[in-house]
Structure formats: C-alpha cells, structure tokens
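Engineer: when you get a sec, could you give me coordinates for this:
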Amino acid sequence: MDTDAPLLGEPLPVELMNTIWADRDGVHDSLRDRDGIKAWLHAVAARTDLMAPGDLDALAAADLDRLGHRLIGLRDALRRLAAEVTGDPRPAAVADRGLEAAVTALNRAAGDTPRWSALSWTPGGAPSRHPRAGGPAASAAVSAIAEDAVALFGGDTRDQLRACLAPACVLYFLKDHPRREWCSAGCGNRARSARHYQRHRGTPA
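Structural biologist: Numbering: from 1, shown residues only. The predicted structure follows:
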C-alpha cells in the first residue's frame, strides 16, 4: 500500500502538511479515508522509532478513525502556522482556522500521548535507549510529529520554511540550499515554463 502524498524528504511535520497536494485535476487530500491514513503512516513509519508497520496493521477500524482525525487536525493546524510564517498567498493551500486555534491544536497534539526514553543496560553489555509510550505506538508517533513541529515553528528553522509558488502547487518545503526556490524539480520546470509563456505571449510568430 503506497501513499499518493508526495514525500520529498522533508521533516515529518512538513511531510504531513504536504498530504494536501495538487495536480492538474485539482487539490487532493491523502488522508481522506482509512486506506490513505494507513498508507501515509506506513510510508513514514521507518522515520520514527515509535511506530512499526505491524502497529498500524493491528489497529481496529475505530482506532484508525480516531488516529486519522488527530492527524488531519494536526495537519490543518500546521498548514495554518506555515501560512503565517511564509506569508502564503495561495488560497487553496491554507486551512480555514485562526492562528490561536492552530497553536492550541498543535500543543494539544504534542501532549496527547505521553512518550519517553528508557535506558536498558545489562551487566557486560552496552547501554541502549528504547522509546516507550503511554498509549498505542501510532498515537505516540503522531504526538512526536507534533512535538517536532513545535521545535520547527519555535526555532530558527522556521525561517527556512517556504510555500512553493509554482503554478497550482500547494506544498511547503524547507529552503535547504540558497538557490532552492521550489519544492521539487517538477515544480521548478513548471514555473520556468509559465514564466517563458508569459514573456512570449502575444509575440508574433
């Protein structure tokens, strides 16, 4: 089961924001149903030490619905905060929620499921760190993504956050290189083509 969300190698809070994406057919939501929620979580499971694919497969339908509701609420809050940080002018990109409500939703998501690190150390062996959670692993992973988002928006990294302004794109990315302007090479090509068309429109053949 593969997610249809674009995974660009961004931090997980940004990848979650980008479960809203667009193509020539319009704007899409990769978390629109149970299959989409499970597919996205499967796709990012390897990037967190709190959740394994088996944890997701063991979830009952009602638990998956609750998890999806939490993910969507967190995603929409993050997109509102990202729009604030980037001055995002794209109407289709922004969730309809106030700044204060988005901050409240993020903080609530970060604290929903307690998680901590535990140390294991047997005589003669090397010490190791193991994640522990006070609830289902997938739920703890959502709270961990929220905590990563608090670090993103509360630290200097937020200054690298950008809205991709290529035609019809609604994604966000971190500007990790001085020359990076777009979320992907495909968006860069579309933006250059659009600029070329605008420059030459109306020029006699």
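
Engineer: for this structure, longest helix please?
Structural biologist: Ordering each helix of the chain by length in residues (DSSP state H) puts helix 61-86 first.

Engineer: please name every helix or strand in contact with it.
Structural biologist: With contacts defined as 3 or more C-beta pairs under 8 Å, 6 or more residues apart in numbering; DSSP states H and E, the secondary structure elements packing on helix 61-86 are helix 12-17, helix 34-44, helix 99-111, helix 137-154, strand 161-163, strand 172-174. Quick note: C-beta positions are derived from backbone N, CA and C, even for glycine.

Engineer: list the buried residues in that helix.
Structural biologist: Residues of helix 61-86 classed as buried: 64, 67-68, 70-83, 85-86 (neighbour count, 16 or more other C-beta atoms under 10 Å).

Engineer: relative to helix 34-44, how tilted is that helix?
Structural biologist: Between helix 61-86 and helix 34-44, the angle comes out at 70 degrees (axes from the mean of the first three to the mean of the last three C-alpha atoms, to 10 degrees).

Engineer: helix 61-86 vs helix 137-154, what angle?
Structural biologist: Angle between the axes of helix 61-86 and helix 137-154 is 10 degrees (criterion: the same axes, to 10 degrees).

Engineer: so how far is helix 61-86 from its chain's centroid?
Structural biologist: When distances are taken as C-alpha atoms, centre = their mean, to the nearest Å, helix 61-86 is centred 9 Å away from the chain's centroid.

Engineer: how about stretch 98-115?
Structural biologist: Distance, centroid of stretch 98-115 to centroid of chain: 15 Å (C-alpha atoms, centre = their mean).

Engineer: for stretch 44-59, same thing?
Structural biologist: Using C-alpha atoms, centre = their mean, we find the averaged C-alpha position of stretch 44-59 to lie 16 Å away from the chain's own average C-alpha position.

Engineer: swap in stretch 117-137?
Structural biologist: With C-alpha atoms, centre = their mean as the basis, stretch 117-137 stands 28 Å off its chain's centre.

Engineer: pull out the buried positions in it.
Structural biologist: Per 16+ other C-beta under 10 Å, stretch 117-137 contains these buried residues: 131, 133, 136, 137.

Engineer: I'd guess the first one is in a helix, am I close?
Structural biologist: No. When the secondary structure is assigned by DSSP: H, G, I helix; E, B strand; the rest coil, residue 131 falls in strand instead of a helix.

Engineer: show me the contacts for it.
Structural biologist: Contacts for residue 131 were tallied using C-beta atoms under 8 Å, 6 or more residues apart in numbering; they are 49, 50, 115, 116, 117, 118, 140.

Engineer: among those residues, which ones are buried?
Structural biologist: Among those, those scoring as buried are 50, 115, 140 (criterion: 16+ other C-beta under 10 Å).

Engineer: separation between the residue nearest the centre of the chain and residue 142?
Structural biologist: When the chain is reduced to its mean C-alpha position, the closest residue under C-alpha atoms, centre = their mean turns out to be residue 16, at 1.7 Å. Distance check for residue 16 against residue 142: by C-beta to C-beta, to the nearest Å, it reads 9 Å.
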